[in-house]
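Participant: Quick one, fold the following:
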Amino acid sequence: MKPNIPPSYSKIFEILKGSTHATGFTPGATYTTRDGNTMAPFMPPHRGLYIASSTATTTLTFTNIDGTTAQVFIPTNTEIVLPIIIKGYVASQYTINNVYMNGLL
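Facilitator: Alright, predicted model coming up:
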């Protein structure tokens with residue numbers, strides 16, 4: 001099989017649809033392992049993110065896999081592709097009803 005040149009994404013899946021999150025993932029939440037350790041849930045495996053905003057302006061705080069954080073301002077009616085792998089995210093506003101995030105694999 002010949003590889004894609006240039007490299008592309010072969011799978012797109014939902015992480016956030018309006019205000020509904022992917023199964024097993026709640027941003028900013030924690031869970032306790034069988035050993036009693038408190039852990040933050042990890043994002044589903046991905047190589048990039050596609051984010052769209054229809055009627056909401058928000059700022060998302062992303063936690064990178066090395067533990068650093070970065071804020072991304074998402075204006076109303078925009079679509080962006082972030083070619084990054086993140087550990088998790090938290091919305092800076094109380095609601096993210098109109099923000100859609102898909103993982104790219």
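Participant: Tell me which helix or strand comes right after the worst-scoring helix or strand of the chain on mean pLDDT.
Facilitator: None of the helices or strands of the chain scores lower by mean pLDDT, DSSP states H and E than strand 38-39, at a mean of 68. Sequence order places strand 48-53 as the next helix or strand after strand 38-39, per DSSP states H and E.
Participant: Off-centre distance for that next one?
Facilitator: Relative to the centre of its chain, strand 48-53 is centred 8 Å away, using CA atoms, centre = their mean, to the nearest Å.
Participant: Contacts for that strand, please.
Facilitator: If you take CB atoms under 8 Å, 6 or more residues apart in numbering as the criterion, strand 48-53 is touched by 9, 12, 15, 60, 72, 74-86, 98-104. To be clear about C-beta, it is placed using only N, CA and C from the backbone, and glycine gets the same treatment.
Participant: Which positions within that strand qualify as buried?
Facilitator: Using 16 or more other CB atoms under 10 Å as the test for burial, strand 48-53 gives 48-51, 53.
Participant: After it, heading C-terminal, what element do we hit next?
Facilitator: By DSSP H and E, the next helix or strand past strand 48-53 is strand 58-64.
Participant: send the alpha carbons of that following strand over as PDB?
Facilitator: The C-alpha trace of strand 58-64 is given here as PDB (Å, rounded to 0.1, in the frame of the first residue of the first chain):
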ATOM      1  CA  THR A  58     -15.100  30.900  24.000                       C
ATOM      2  CA  THR A  59     -11.600  30.300  25.200                       C
ATOM      3  CA  LEU A  60     -10.400  26.700  25.700                       C
ATOM      4  CA  THR A  61      -7.500  25.900  27.900                       C
ATOM      5  CA  PHE A  62      -5.600  22.900  26.600                       C
ATOM      6  CA  THR A  63      -3.300  20.700  28.700                       C
ATOM      7  CA  ASN A  64      -0.500  19.400  26.600                       C
END
